[in-house]
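S.K.: need a structure here:
(one chain, ligands or ions: 2)
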Amino acid sequence: MEVGFLGLGIMGKAMAANLLRHGFRVTVWNRTLSKCDELVAMGAAVGDTPASVVAKCKYTIAMLSDPSAALSVVFDKDGVLEQIGEGKGYVDMSTVDAATSCKISEAVKQKGGAFVEAPVSGSKKPAEDGQLVILAAGDKALYDDMVPAFDVLGKKSFFLGEMGNGAKMKLVVNMIMGSMMNAFSEGLCLADKSGLSPQTLLDVLDLGAIANPMFKMKGPSMLQGSYNPAFPLKHQQKDMRLALSLGDENAVSMPVAAASNESACT
Ligand SMILES: NC(=O)C1=CN([C@@H]2O[C@H](COP(=O)(O)OP(=O)(O)OC[C@H]3O[C@@H](n4cnc5c(N)ncnc54)[C@H](OP(=O)(O)O)[C@@H]3O)[C@@H](O)[C@H]2O)C=CC1
Ligand SMILES: O=CCCC(=O)O
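M.R.: Ligands and ions are numbered 1, 2, ... in the order given. Down below sits the predicted model:
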């Protein structure tokens, strides 16, 4: 199967490499083209523009930072829209809001193409290991076509129905994650400042009802003050803001998420 892959950041680089390792023919593009070099060394081809990648590949995946980037890659000069058409599919796996997904979907469909939104849960290591959780919605036929790729990229894929449901599910998940990580950070600080061993706190948490892979993964690094980004704070902040907007749209009060969003700003 041949796929195009737009966006080789922390996640895209790992995901494209995984597809290559599993025998997919991959044509990559990145705004900073030099980031393609590592994938070329693994056998990837390079497209000079998003449009050239879409022209070459029946299916093209995108993994971009935010709504602005996702829209730019589709609508700007040399963008996806210039080459998408009948028989071609576009799959945006970025974390964006439902409105962005719907805007891209309408434009792609007007050109005769098919679109699936498929944001993912899981960070750098699950991306490297093909253990992502894929939260897809939109064109079911394209989703079915993409299952071989999704099976390489993830441990589980959900088809959530109408366009926008994937984006919304992802934002709910990341709102919960951002809020819990704030509580976790405050707890570690409180333990330390009140004379307790933060390591013992990690041990207690890992034995109790709130044990979870995120605390188990992030806790030791936090104790060591090692913050090499796997999920950049700017993206978590973006997700909190988009989730709060989703709450506003649905008249849902979320004071914990709002406070967490504020604390991330400071
Ligand atoms: N990191 C994580 O743990 C996870 C991230 N996500 C989501 O996945 C997406 C990618 O995240 P991640 O890989 O960490 O992000 P990075 O910041 O590492 O990479 C962002 C990518 O988007 C590209 N980009 C940014 N702005 C533009 C633009 N205006 N036009 C074209 N390309 C642009 C960057 O290109 P360039 O290299 O030129 O800057 C880069 O390829 C985000 O939506 C994020 O929220 C989802 C799950 C987990
Ligand atoms: O959006 C990315 C969050 C990171 C994760 O799901 O572990």
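S.K.: tell me where the stretch 51-200 of the chain has strands.
M.R.: Using DSSP state E, counting those that start in this stretch, the strands found in the stretch 51-200 of the chain span residues 59-62, 89-92, 114-117, 120-121, 132-138, 154-159.
S.K.: gap between the shortest one and the chain center?
M.R.: Relative to its chain's centre, strand 120-121 lies at 5 Å (Cα atoms, centre = their mean, to the nearest Å).
S.K.: which neighbours in the sheet does it have, and how are they oriented?
M.R.: Sheet pairing for strand 120-121, assigned by DSSP bridges, gives strand 132-138 (antiparallel).
S.K.: turn the strands of the stretch 51-200 of the chain into CSV, columns for mean pLDDT, distance to V252 and mean neighbour count.
M.R.: For every residue, glycine as well, the C-beta is placed using N, CA and C. Listed next are these as CSV, based on pLDDT from 0 to 100; distance: least, Cβ to Cβ, whole Å; neighbours: other Cβ atoms under 10 Å:
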stretch, mean pLDDT, distance to V252, mean neighbour count
strand 59-62, 99, 29, 26
strand 89-92, 99, 25, 28
strand 114-117, 99, 21, 28
strand 120-121, 98, 21, 21
strand 132-138, 99, 19, 26
strand 154-159, 98, 22, 18
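S.K.: any idea which of those strands gets closest to M214?
M.R.: M214 sits nearest to strand 120-121 of all those, at 10.7 Å, using Cβ to Cβ.
S.K.: distance to S185 for the strands of the stretch 51-200 of the chain - can I get that in a markdown table?
M.R.: Formatted as a markdown table, those follow (distance: least, Cβ to Cβ, whole Å):
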| stretch | distance to S185 |
| --- | --- |
| strand 59-62 | 32 |
| strand 89-92 | 31 |
| strand 114-117 | 31 |
| strand 120-121 | 20 |
| strand 132-138 | 24 |
| strand 154-159 | 28 |
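S.K.: who in the protein is up against ligand 2?
M.R.: Counting by Cβ under 6 Å from any ligand atom, the residues of the chain lying close to ligand 2 are T95, S121, G122, S123, N174, F231.
S.K.: what does stretch 15-27 rub up against?
M.R.: Stretch 15-27 is contacted from outside by 1-5, 8, 28, 38-39, 42-47, 53, 56-57, 61, 63, 93, 127-128, 130, 132, 149, 152-153, using Cβ atoms under 8 Å, 6 or more residues apart in numbering.
S.K.: spell out which residues of this protein are next to ligand 1.
M.R.: Counting by Cβ under 6 Å from any ligand atom, the chain sits next to ligand 1 at 7-12, 30-32, 35, 63-66, 68-69, 72-73, 94-95, 120, 123-124, 230-232, 235.
S.K.: can you select the buried ones among those residues for me in ChimeraX?
M.R.: A single ChimeraX command suffices to select whichever of the residues of the chain next to ligand 1 are buried according to 16 or more other Cβ atoms under 10 Å:
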select :7,8,9,10,11,12,30,35,63,64,65,66,69,73,94,95,120,123,124,231,235
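S.K.: L205 and ligand 2, how far apart?
M.R.: Using Cβ to the nearest ligand atom, to the nearest Å, we find L205 at a distance of 17 Å from ligand 2.
S.K.: can you check V108 too?
M.R.: 23 Å.
S.K.: do R21 as well
M.R.: 21 Å.
S.K.: try D144
M.R.: Per Cβ to the nearest ligand atom, D144 is found 25 Å from ligand 2.
S.K.: so who does the closest residue to A69 other than its chain neighbours touch?
M.R.: Taking Cβ to Cβ, 6 or more residues apart in numbering, and ignoring the residues beside it in sequence, A69 has S94 as its nearest neighbour in space, at 7.2 Å. By Cβ under 8 Å, 6+ apart, S94 lies in contact with G7, A62, M63, L64, S65, D66, A69, A70, P119.
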